Every structure is written in C-alpha cells, then in structure tokens.
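*Asks:* what shape does this take:
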Amino acid sequence: MDAIKNNPFRVLGLPITASEREIAKQVNMLATYTAMGKENFFDADFNFLSKIERTPDTVDEARKQIEKSESKFLYSLFWFWNNNSMDELALEVLKEGNTSKAIEIWEKSVFANKNKVYLSIVLIENLIKHSNNWSDQKDEDHSFV
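*Replies:* Numbering: from 1, shown residues only. Coordinates of the predicted model:
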C-alpha cells in the first residue's frame with residue numbers, strides 16, 4: 001500500500017502524464033511552499049487515503065523517484081490515470097470521497113462492451129474488495145487474476 005500512499009505522483013500532486021517540464025515546475029513550487037511551511041492541496045489529495053505530508057525532503061525524494069523513466073513508469077502503475085471521460089467522472093467523484101460511486105462508474109465502463117480490448121492495470125486493493133460485480137469465471141476472452 002506504500003506504493004500508493006507515498007506515490008511520487010501523489011506527493012508532487014501531478015498526473016502520471018506530467019512532462020519533465022511540468023515535474024520541474026511543480027517541484028520548484030512545492031519546494032518554495034514547503035520551505036515557508038505552507039501547505040498545498042491538489043485534486044488528487046483524496047480523503048480516503050491517509051493525509052500526505054509534504055516536506056522539502058519528501059518533495060525531493062519524490063522528484064528523485066521519478067527522474068528515471070523506468071521508475072517513473074513503475075510508480076505510474078500505482079496511481080490514477082485520467083484517460084477518458086469515465087475516468088474523469090470517477091476521479092471527480094473520488095474528490096468528493098465517494099469511493100463506491102467511483103467503483104460503480106469504472107465497472108460500468110469496463111463491462112459496457114464485451115468486444116473492447118483492455119490493457120492489464122493495477123487497481124487499489126480496496127477498490128477491488130468493495131466491488132461485487134467481478135466475475136471469477138475464465139473463458140477464452142477473459143480471466144481474472
């Protein structure tokens with residue numbers, strides 16, 4: 001769960017699609033604010049996760065963790081990706097703290113069309129635990145592992 005709670009994208013308040021320039025700009029801004037003892041709040045500071053402590057050290061560590069493309073990719077697997085309108089809607093609902101509604105939105109999106117091809121993704125364990133519509137049956141097109 002640490003890969004989620006202390007995810008560098010979460011610490012920096014950035015989407016996983018952030019460019020190097022956006023990362024540098026955000027790090028500089030956070031470094032200035034944290035040095036002055038001021039707090040920043042971002043859209044992805046979800047209240048269902050523990051409170052995040054942003055200090056000069058945690059900001060610098062987060063920057064170091066996503067400097068290399070390999071580790072940036074690794075940490076991106078454990079954070080939210082706003083890829084389409086359903087993700088956008090679910091993330092808006094998460095901001096309000098309604099995890100069950102967000103799960104419902106993502107489930108409807110996933111199960112809306114059986115002919116779609118889906119990439120493997122990593123889901124937060126709690127989101128899976130609270131879902132009751134996952135099928136554990138295997139066939140030639142589907143498997144749940």
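
*Asks:* name the helix or strand of this structure that has the lowest mean pLDDT.
*Replies:* None of the helices or strands of the chain scores lower by mean pLDDT, DSSP states H and E than helix 125-129, at a mean of 54.

*Asks:* tell me the first helix or strand C-terminal of the longest helix belonging to the chain.
*Replies:* Longest helix in the chain, counting residues (DSSP state H): helix 20-35. Note on helix 20-35: by DSSP states H and E, the next helix or strand toward the C-terminus is helix 56-65.

*Asks:* how distant is that next one from the center of its chain?
*Replies:* Its chain's average C-alpha position is 18 Å from that of helix 56-65, according to C-alpha atoms, centre = their mean, to the nearest Å.

*Asks:* just the angle between it and helix 20-35, please?
*Replies:* Angle between the axes of helix 56-65 and helix 20-35 is 170 degrees (criterion: axes from the mean of the first three to the mean of the last three C-alpha atoms, to 10 degrees).

*Asks:* which SSE is immediately downstream of helix 56-65?
*Replies:* helix 69-76.

*Asks:* pull the residues that contact that next one.
*Replies:* Here helix 69-76 makes contact (C-beta atoms under 8 Å, 6 or more residues apart in numbering) with Ala3, Asn7, Pro8, Phe9, Ile16, Gln65, Ile66. Where C-beta positions appear, they are placed from N, C-alpha and C, glycine not excepted.
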